[in-house]
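[1] Quick one, what's the 3D model for this:
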Amino acid sequence: MRIHPTAIISPRAAVSSDATVGPYAVIEDDVVIGTGCEIGAHAVIKRFTQLGQRNRVGEHVVLGGEPQDVKFRGEASHLVIGNDNIIREFATIHRACGAGEATRIGSRNFIMIGVHIAHNCAIGDDNIFANGAALAGHVAVEDHVFLSSNVGAHQFVRFGRYAMVGGKSKIVQDVLPFFTTDGNPARVRGVNITGLRRGRFSTAERLNLQRAFRLLFRSRLPLETVLAELERMDDPNIAHLVSFIRSSKRGWTRAAREVETL
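    Residues are numbered from 1 along each chain as shown. Next up, the predicted model:
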């Protein structure tokens, strides 16, 4: 274990023998830090936080802070973080509100400078959150989502997988998977072609998602008619899109009135 002499580590914390802890870092009671983790200078890992393996925590990061929720009464709750995440300077991630509840971060996420993830959020794998993105409580993010700088998300919204959201967008409804969403108010702009190519989607899969976009936003057909047509396409990505729409509780972001031709 490589611990700077100015770091403060509780004797009730479980820190892997090969972890690195930088100057003036603070690790509180009931923290678990897995093998290969790197904790930067002045970072604070607060109680009830668990980090998996090989996470890199930048300078002045605060993990496991108490939730900013008026219902919180000091109960024991958790922040659980997976493996191979990069969490850059001044990011803050809060533990959950509710006894025994957890804020959960998956694996291989890139969380950039000044990002805030609030209580009870559920973040999947392989996401990128750019500088200053802020998620309110109970937000759910699937996998391979890209949030540009200063995106702000209302509590309880969901971001579908392979969604891309433009900078400074105000998100108050669910963001559909596979599409690009941008603006204030936020509007669907088209298929996330760049993200799909990076995700190695086949040409046929991308064409099916383009067809789904046209049916949803340009056909002027009733929604149930469109969803029934999409369900007949026998494509797992389209099935996920339909399921995401049907399970939405806050409603989902629609397209602008005028959309560029794909």
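
[2] so residue 92 touches residue 67, yeah?
    No - if you go by C-beta atoms under 8 Å, residue 92 and residue 67 don't touch, sitting 11.2 Å apart. Backbone N, C-alpha and C define where each C-beta goes, glycine included.

[3] Residue 174: neighbour count?
    Neighbours of residue 174 under the rule other C-beta atoms under 10 Å: 23.

[4] And it, how far from residue 92?
    The gap separating residue 174 from residue 92 is 24 Å, by C-beta to C-beta, to the nearest Å.

[5] swap in residue 160?
    25 Å.

[6] and these two? which has more neighbours close in?
    residue 160 (25 against 20).

[7] That one and residue 111, how far apart?
    19 Å.

[8] One more: residue 151?
    Distance, residue 151 to residue 111, by C-beta to C-beta: 13 Å.

[9] what are the ranges of the helices in the stretch 51-200 of the chain?
    193-198 (DSSP state H, counting those that start in this stretch).

[10] circling back to that earlier point, which residues do residue 151 and residue 111 both contact?
    Counting by C-beta atoms under 8 Å, 6 or more residues apart in numbering, the shared contacts of residue 151 and residue 111 are residue 129.

[11] Does residue 205 touch residue 235 like I think?
    Yes - the pair residue 205 / residue 235 is scored as a contact, 6.9 Å apart, by C-beta under 8 Å.

[12] Where do the strands of the stretch 151-262 of the chain begin and end?
    Applying DSSP state E, counting those that start in this stretch to the stretch 151-262 of the chain gives strands spanning 152-153, 158-159, 164-165, 170-171, 179-182, 187-191.

[13] any chance of those strands in TSV, with distance to residue 31 and mean pLDDT too?
    Formatted as TSV, these follow (distance: least, C-beta to C-beta, whole Å; pLDDT from 0 to 100):
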stretch	distance to residue 31	mean pLDDT
strand 152-153	27	98
strand 158-159	28	98
strand 164-165	32	98
strand 170-171	31	98
strand 179-182	36	98
strand 187-191	41	97
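
[14] Many thanks, we can stop here.
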